[in-house]
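J.: I'll drop the sequence and a predicted model, then ask my questions.
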Amino acid sequence: MTSTTPTSTTPAPTTPAPTTPASPTTAAADPLVGAPLAAPSAVARPERRGWTRWPRLALPLVPLAALVALAVIGPWLTPHNPERVSGPTSAPPSGEHLFGTDTSGLDVFSQTLAAFRTNVWIATVAVLLATAGGALLGLLTGMNESARGPRGLAARLLGRIADFVQAVPGMLLGLITVAFYGASQTTLVLTLGVVLAPLQARLVRTEVLRVRSDAYVDAARMAGLSELRLTLRHVLPNSCRPAMENLSVLFAVSIILTASLGFLGAGLPTPKPEWGAMISRGATDAAVGNWWPATFPTLALIITVAIIAAASSALLRRRTR
Amino acid sequence: MRQTLRRQRWWLARIIALPFQLIVFAAVSFLLVHNIPGDPVAVLTGGQADAANRAAIEKQLGLDGSLPTQLMRYLGHTLTFDLGHSYITGRSVASEFGDRLPATIELTLMGVFLSAVLALGLSYLAVTRPRNPVSYLVRGYARIAGGLPDFAVGVAAVFVFYATLHWAPAPLGRLSSDVDDVPKVTGLPFLDTILTGRFDASWSMAGHLALPVATLVISQAGVLVKMLIGGLEEAVDAAPTRFRIASGASPAMVRLSLVRRALPPAVTTCGTLFGYALGGAVIVEAIFGFAGIGSYLSDSVSSGDIPAMQGFLVIVAAVSLLVFLLVDLANMSLDPRRRPGARTD
Amino acid sequence: MTARNVIDEAGPRTTAVSDPVEGDAPILAVEDLTVRYGTRSGEVTAVDAVSFALGHGERVALVGESGSGKSTLGLALAGFLTQDNVHVECSRLDFAGAALDRDTRSRLPRRTPGLSMIFQDAMTTLDPVWPIGSQLRAVIRAAGRADGGGRPSRADVRERARYWLDRVGLRDTERVLRARPYELSGGMRQRAMIAIALCGGPKLLIADEPTSALDASLAREAMETMLTLTGQSSTSVLVISHDILLAQEYTDRTFVMYGGRIVEQRTSARLVDTATHPYTVALLRCVPTLASAELDELPTLASVNAEITGVDEPTEVTGTPEPAAKESA
């Protein structure tokens, strides 16, 4: 026992002065938390902050920026008109046609590029719509479902309807709705919004039920805040996090749903550049060994989903710190 | 007797509620379809109908009378499994579905069942043997879960295993052209080949089913693996697991206890997955040229056959509600705390 | 008496592996057990080169504040620290006369035969989805097979399950056997947990905060039940607790743990008189008594420390032999 190093050299604990002896409630749960007597073993060094950290955090956002840029200016970068025949049919990739051409002679590169706008745009608007609608639905049902009288009844009914919408597989519901109302960007966005909103509503509702009985909500109610302002000011901000975390999943689902509808022929009319329809047309090519018409839109789709997932996890990680 | 009833109420109540849920759904879908813009009579006659003609056709299509009358009539028919007749072919929608639905359900069930078994095995391995090389692969696969669209996997499978390697048969149906058709017994094609003893057909069908089922499994199982890895990881370090081990229960019992506690969220996901797989089955049928509801749906969608689509909504909802019922019952048996009225303080 | 001197005397190594029970090989012998956690900001040493031995039938209390590493030590002894970011090392770990050899590849811990453990809260510890009877029978069956008696008969297993519930004082046997943990009261759950932990006939029972979730009278009852039963089978007991008085009252020896080290090993009955480490002294002085009820403010570790050393800065007093946290980041 030679060294009796003064503890001043040990890292500064987060709670500098010990105030209470071991409290039984926090005991034994996690050996890493709580060191009231500045026990050096359980002290974690505070995170280093500053300019050295931000490039690491910004890195996943660079592809996101590129994606947004492609969605905005993609259609102007195409070497050929994506909706016109521009060469021989089923030509393999070459200098003239970077990604080759499909069975009807459309340039795959131009189509893939131009489709960024269609697919990313539809998915983004649909996700925003679904989240806004879902949050509203979740708040309404969560705040009112245990109320007596018509208000509670209406909330419970609304909840059941959302359950019913969820009962039908999203793609099949989408297929039929698009068939009923005709395929256009508007119907696609609205359909996806309706299909996905119950998912968000459920997440928000669960949180609302938890938050609703928290002390600060009661305190605000006692203070005379109206139920509407209470909901908007206190309940909503504290119950939307899971739904926010779900955004990237939802985005992936809606990109894939749009493409699935396109694949089954219920998407936008044919020459309109859209990945699902391109893959569908490319499928027949793939069966005879021409890999390019289906591969490139698939890659574009998968990369888009991956970029969104990486960006959202980077952003969320930053927010939790 | 009353005592028994009370103890069994948790699942009886759930089963009795099912028909009522279905009726509500039928009503909702009827109202949804009723509000579609466009005039079915005009579609049917090409806009050539005069007043008398129109009344006759409307009566035939069940479009006469007030909205409540139509709704009640529709619900009455639905309860007797009469889903109306196609505008286009005039055939009964219910019998069309009776012909095609079992094949799709069989494909879906194969996909979901294999996904579940595979996901359970892989995630158990990934959790209990974290340093095994296979575990790294499984975790990587779970990370891209949900990002693999089934149509892309299907097209890639056809390209690699049929067009390039020639390992798989042509994507043109369930049976090779030199195999005779199998008589129908249950309507589930693969089961029928076994029931009728046509093992040559079983063999051929298994070959044709390999890629489609693999497509469904690869595109769907990831979500399940991700879910199960999370659940099992939590359960491994949970106090009940440690207590089971420490008190000296057999290793088999410890594993059973671990899995039973980790399973309910995954079972719920399986239910959702069934819906996705049903949608996926429609896509897979399109890629591999299988007979099933996929082609019927595309035909009805492209010809605007409203009774067929409406019937489709009701039937798919019925199947989904049934699956959710099974999921609920499974979860309530796995974890009795989920039963209504269970006391948890 | 200065604090420095005391530290040198009571340093963990000097009193390590003190004679447990004369003329008997220890049931558990530990040397230089170290547990390190990898965290985002570096490695943290939770248990630092701890050595001790436990005799057959001996009862030892391991006390310390939360974060002192006592629970981690218990989990490490039972082999439950299989997480990827946790490193357990020791130069010797003997149990029941043989070195423990643990499979380090599997994330799912394996049982150490003869070593049983109970945990803080029976509600979260008992398997929530199985009835008590099933959990009890699972252990009895496995124990019967391990004894080499082959598979015990169903009637036998049932009979033993009833017998064990009876032994822990649960009279409403049939109902308890069928009940799931959430259908019992807190005290009943605790007794059921003790029955399940002991019905396999362990040689050593590690009790991690066995009474913290109970009120004072239930805590005593549970403690007495546990110690009566282990006494009858001469099972050794290691009680991990933050309640220094309760621990001291029911055990033969008391180990005081602080900053990942055992800083004091004393005979429980004479702990108050013989305690020399300032941390132990401070812990004992913080216990509320009838006398301290008169005070305006109950003593805390901080105030006691300041009083003992006359230094305001509490960190100076805590002076453990050396800082246990070795950050490698």
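T.: That came in fine, so what should we check first?
J.: Only C-alpha atoms from now on, for both contacts and neighbour counts.
T.: Fine.
J.: okay, now residue 148: neighbour count?
T.: Reading this off chain A. Counted with other CA atoms under 10 Å in any protein chain shown, the neighbours of A:R148 add up to 9.
J.: Switch to chain B, please.
T.: Neighbours of B:L148 using other CA under 10 Å come to 20.
J.: Same question for the one 4 residues further on.
T.: Look at B:A152: counted by other CA under 10 Å, it has 27 neighbours.
J.: Now do the SS call for C:G38.
T.: strand (DSSP: H, G, I helix; E, B strand; the rest coil).
J.: beta partners for it?
T.: C:E43 (DSSP bridges).
J.: Against A:A71, how distant is it?
T.: Applying CA to CA, to the nearest Å, the value for C:G38 to A:A71 is 43 Å.
J.: More neighbours: which of these two?
T.: Just comparing C:G38 and A:A71: by other CA under 10 Å the higher neighbour count belongs to A:A71, 19 against 16.
J.: does that one sit in a helix or strand, and which one?
T.: helix A:61-77 (DSSP states H and E).
J.: by contact count, what packs against that helix?
T.: helix A:108-144, helix A:292-320 (3 or more CA pairs under 8 Å, 6 or more residues apart in numbering or on different chains; DSSP states H and E).
J.: can you list these in CSV and add mean pLDDT?
T.: Output for those, formatted as CSV (pLDDT from 0 to 100):
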stretch, mean pLDDT
helix A:108-144, 87
helix A:292-320, 78
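J.: nearest to C:R189, of those?
T.: With CA to CA as the measure, helix A:108-144 is the member of the helices and strands packed on helix A:61-77 nearest C:R189 (34.4 Å).
J.: and the next element down the chain from that closest one?
T.: Sequence-wise, the next helix or strand downstream of helix A:108-144 (DSSP H and E) is helix A:149-167.
J.: Would you mind identifying the next helix or strand past that next one?
T.: helix A:170-181.
J.: list the helices and strands that next one packs on?
T.: helix A:185-212, helix A:247-263, helix B:251-288, helix B:293-303.
J.: Out of those, flag the one nearest chain C.
T.: For the helices and strands packed on helix A:170-181, proximity to chain C was assessed by CA to the nearest CA; helix B:251-288 is nearest, at 7.3 Å.
J.: which residues does the residue in the stretch 51-200 of chain A that chain B sits nearest to contact?
T.: Closest residue of the stretch 51-200 of chain A to chain B, CA to the nearest CA: A:P169 (4.5 Å). Contact analysis of A:P169 by CA atoms under 8 Å, 6 or more residues apart in numbering or on different chains lists B:G275, B:Y276, B:L278, B:G279, B:V316, B:S320.
J.: what about B:F97, how many neighbours?
T.: B:F97: 18 neighbours (other CA under 10 Å).
J.: Model confidence at it, what's the number?
T.: pLDDT recorded at B:F97 is 86.
J.: Which strand or helix spans it?
T.: Counting by DSSP H and E, B:F97 is part of helix B:93-128.
J.: May I have the helix or strand just after that helix as PDB, with CA atoms only?
T.: Under the assignment DSSP H and E, the closest C-terminal helix or strand after helix B:93-128 is helix B:133-143. C-alpha atoms of helix B:133-143 as PDB (Å, rounded to 0.1, in the frame of the first residue of the first chain):
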ATOM      1  CA  PRO B 133     -18.800 -15.100 -36.600                       C
ATOM      2  CA  VAL B 134     -22.400 -16.100 -37.600                       C
ATOM      3  CA  SER B 135     -23.600 -13.800 -34.800                       C
ATOM      4  CA  TYR B 136     -21.900 -10.800 -36.400                       C
ATOM      5  CA  LEU B 137     -23.700 -11.600 -39.700                       C
ATOM      6  CA  VAL B 138     -27.000 -12.000 -38.000                       C
ATOM      7  CA  ARG B 139     -26.600  -8.600 -36.300                       C
ATOM      8  CA  GLY B 140     -25.600  -7.000 -39.500                       C
ATOM      9  CA  TYR B 141     -28.700  -8.500 -41.200                       C
ATOM     10  CA  ALA B 142     -30.900  -7.200 -38.400                       C
ATOM     11  CA  ARG B 143     -29.500  -3.700 -38.800                       C
END
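J.: got the angle for helix B:133-143 vs helix B:93-128?
T.: Orientation check (axes from the mean of the first three to the mean of the last three CA atoms, to 10 degrees): helix B:133-143 against helix B:93-128 gives 130 degrees.
J.: Check which residues of helix B:133-143 are buried.
T.: B:S135, B:V138, B:R139, B:Y141, B:A142 (16 or more other CA atoms under 10 Å in any protein chain shown).
J.: Buried residues in the helix holding A:A71, which are they?
T.: Neighbour counts over helix A:61-77 (16+ other CA under 10 Å) mark A:L61, A:P63, A:L64, A:L67, A:V68, A:L70, A:A71, A:V72, A:G74, A:P75 as buried.
J.: which ones are touching the last one?
T.: Neighbouring residues of A:P75 by CA under 8 Å, 6+ apart: A:S110, A:L113, A:A114, A:A115, A:R117.
J.: hang on, the earlier thing: redo the helices and strands packed on helix A:61-77 as CSV? Include distance to chain B.
T.: Below are the helices and strands packed on helix A:61-77 laid out as CSV (distance: least, CA to the nearest CA, whole Å):
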stretch, distance to chain B
helix A:108-144, 14
helix A:292-320, 6
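J.: Need the ones you listed in JSON lines (columns: distance to chain C and mean neighbour count).
T.: Shown next, in JSON lines, are those (distance: least, CA to the nearest CA, whole Å; neighbours: other CA atoms under 10 Å in any protein chain shown):
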{"stretch": "helix A:108-144", "distance to chain C": "27", "mean neighbour count": "24"}
{"stretch": "helix A:292-320", "distance to chain C": "14", "mean neighbour count": "19"}
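J.: out of those helices, nearest to B:R14?
T.: Of the helices and strands packed on helix A:61-77, nearest to B:R14 by CA to CA is helix A:108-144, at 22.1 Å.
J.: Centre of the chain to the closest one, how far?
T.: From the chain centre to the centre of helix A:108-144 is a distance of 9 Å (CA atoms, centre = their mean, to the nearest Å).
J.: helices or strands up against it?
T.: Checked by 3+ CA pairs under 8 Å, 6+ apart, helix A:108-144 has helix A:61-77, helix A:149-167, helix A:185-212, helix A:247-263, helix A:275-287, helix A:292-320 packed alongside it.
J.: and those as TSV, adding distance to B:A26?
T.: Output for the helices and strands packed on helix A:108-144, formatted as TSV (distance: least, CA to CA, whole Å):
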stretch	distance to B:A26
helix A:61-77	40
helix A:149-167	10
helix A:185-212	18
helix A:247-263	24
helix A:275-287	31
helix A:292-320	36
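J.: wait, which of those helices is closest to B:L228?
T.: helix A:247-263 (17.5 Å).
J.: pLDDT wise, what is the residue in the stretch 101-250 of chain C that chain A sits nearest to at?
T.: Proximity of the stretch 101-250 of chain C to chain A (CA to the nearest CA) peaks at C:S212, 6.7 Å away. Model confidence at C:S212, given as pLDDT, is 75.
J.: I'd like to know how far it sits from C:I240.
T.: 10 Å.
J.: Counting neighbours, go ahead and name the busier of those two.
T.: Using other CA under 10 Å as the criterion, C:S212 and C:I240 rank with C:I240 on top: 28 against 19.
J.: list the contacts for the more buried one?
T.: C:A61, C:L62, C:V63, C:K70, C:S71, C:G74, C:I206, C:A207, C:D208, C:E209, C:P210 are the contacts of C:I240 under CA under 8 Å, 6+ apart.
J.: Identify, by residue count, the longest helix of chain C.
T.: Identified as the longest helix of chain C according to DSSP state H is helix C:216-232.
J.: And the next helix or strand after that one, how far out from the chain middle?
T.: Next helix or strand after helix C:216-232 toward the C-terminus (DSSP H and E): strand C:236-241. Distance of strand C:236-241 from the chain centroid (CA atoms, centre = their mean) equals 4 Å.
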